[in-house]
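K.L.:
build the 3D model from these lines:
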Amino acid sequence: MDLNTALRSFIRTVEKGSITGAARDLGISQPAVTKHIVNLEKHVGARLLERTPKNVLPTAHGTELYEASRQAIASIDAALEGVRINMGEIEGNLRVHAPSCIGVQHFYGIVMEFQDMHPNISVDLVLDGRAVDLLYENFDVSLRYGKIEQQEVIARRIGWVERILVASPQFLDKVGPIASVDDLADLDVVSTFTSTSARNTLSLVRRDRSTTEIAIKPVLKTNNAHVVVDALLRGRGVGQVQRNLVIDLLARGELVRVLPEYAVKPTEAFLTFPSTKFMRPVVRSFVDFVMPKLRSIDGIAQDMMLAA
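P.N.:
Residues are numbered from 1 along each chain as shown. Alright, predicted model coming up:
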């Protein structure tokens, strides 16, 4: 029996809650995972997993083995990578997640820079708007917005993402100047689902830190920030966007900031990784590389006071 492979099959089955999921992550067949686990159970002389109609759960012995072995396997992987790094090579696979908005605009390019420096690294880069389960989905690193409540997650603050109100010149030519927040109630608004409340209200922050909540009339809601920007460029309305996504458009005059004395409440951004995994050298190198790059993005403030 290959004890190393058997333990990896067992660990991933516990984390995924299914043999099928473990097989998919490990790149082997489902019968192969089952065989490894059966051999491991014979080796230790105890039943390690209980199969239910919905998932697979560890027994008491299985939980004990999982807690003891996952750190050991992660430490072995880290030690092997550490030797390669000491020989001048950084290699391995990185599985990374980020929101599609900042992911397409900035994060993808930073990841490519890192890979250019270390061509023996392969990257699985997933960009979408959901909050991923780092352990269950086997991500090494995730860029996250908002408060981190998930247990077993380490978070390093990137900064506060600035969000502002903008519109196209043609839209402003059609509706006239927007002189006060009260004017927004009568205008078409383009937004993401997360930037407006369920009651279709929008909270704005003034430079003196006072807040104002206004009712708005969304003409388009979407889960994609790039769709919001495109709709605004087409003159569909006024909208709230991350400033880092529209800096060039503002500079070229394709979009215009509206009510510049106000900002939408900024969003805190973090780089997160599982605390249950020993941080492999390639992951540590990646985190050390991307953190200053992300913090230097125009539109991400290090002080919340500067983001509003």
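K.L.:
next, the most far-flung residue of the chain relative to its centre: phi, psi?
P.N.:
Within the chain, Gly45 marks the point farthest from the mean C-alpha position, 41.1 Å out by CA atoms, centre = their mean. The phi/psi pair for Gly45 (degrees, to the nearest 10) reads phi 70, psi 30.
K.L.:
let me know the pLDDT of it.
P.N.:
Looking at Gly45, its pLDDT reads 88.
K.L.:
now do the same contact list for the closest residue to Leu94 other than its chain neighbours.
P.N.:
Nearest non-adjacent residue to Leu94, counting by CB to CB, 6 or more residues apart in numbering: Val123, 4.9 Å away. The way it works is simple: take the backbone N, C-alpha and C, and place the C-beta from them, glycine included. By CB atoms under 8 Å, 6 or more residues apart in numbering, Val123 lies in contact with 93-96, 111, 115.
K.L.:
in helices only, show me those.
P.N.:
Using DSSP state H, 111, 115 are the members of those that sit in helices.
K.L.:
what element comes up after the top strand by length along the chain heading to the C-terminus?
P.N.:
Secondary structure of the chain per DSSP state E: the longest strand is strand 153-167. Going down the chain from strand 153-167, the next helix or strand is helix 169-175, by DSSP states H and E.
K.L.:
could you list the low-pLDDT ranges of the stretch 151-300 of the chain?
P.N.:
151, 197-198, 276-278 (pLDDT under 70).
K.L.:
ends of stretch 192-206, what's the gap?
P.N.:
End-to-end distance for stretch 192-206: 21 Å, by CA to CA, to the nearest Å.
K.L.:
buried residues in stretch 127-134?
P.N.:
127, 129, 132, 134 (16 or more other CB atoms under 10 Å).
K.L.:
from those residues, pick the one nearest Ile247.
P.N.:
Leu127 (19.9 Å; CB to CB).
K.L.:
re earlier: just the buried members of the contacts of Val123?
P.N.:
In the contacts of Val123, the ones that pass as buried (16+ other CB under 10 Å) are 94-96, 111, 115.
K.L.:
out of those residues, what pair is the most spread apart?
P.N.:
Maximum distance among the buried ones among the contacts of Val123 (CB to CB): 13.6 Å, for Arg95 and Gln115.
K.L.:
quick check: Leu165 vs Asp208, distance?
P.N.:
17 Å (CB to CB, to the nearest Å).
K.L.:
which of these two has more neighbours?
P.N.:
Leu165 (22 against 7; other CB atoms under 10 Å).
K.L.:
show me the contacts for the more buried one.
P.N.:
Contacts of Leu165 by CB under 8 Å, 6+ apart are 184, 204, 238-240, 257-259, 262-264.
K.L.:
same question, Ala155
P.N.:
So Ala155 contacts 144, 148, 270-272 (CB under 8 Å, 6+ apart).
K.L.:
one more time with 6 Å, if that's ok
P.N.:
Ala155 is in contact with 148, 270, 272, counting by CB atoms under 6 Å, 6 or more residues apart in numbering.
K.L.:
how about Lys265?
P.N.:
Contacts of Lys265 (CB under 6 Å, 6+ apart): 203, 205.
K.L.:
mind listing the strands for the stretch 201-308 of the chain?
P.N.:
Along the stretch 201-308 of the chain, counting by DSSP state E, counting those that start in this stretch, strands occupy 201-206, 211-215, 217-222, 238-242, 256-257, 262-274, 300-301.
K.L.:
among the ones you listed, which comes closest to Arg156?
P.N.:
Nearest of the strands of the stretch 201-308 of the chain (CB to CB): strand 262-274, 4.9 Å.
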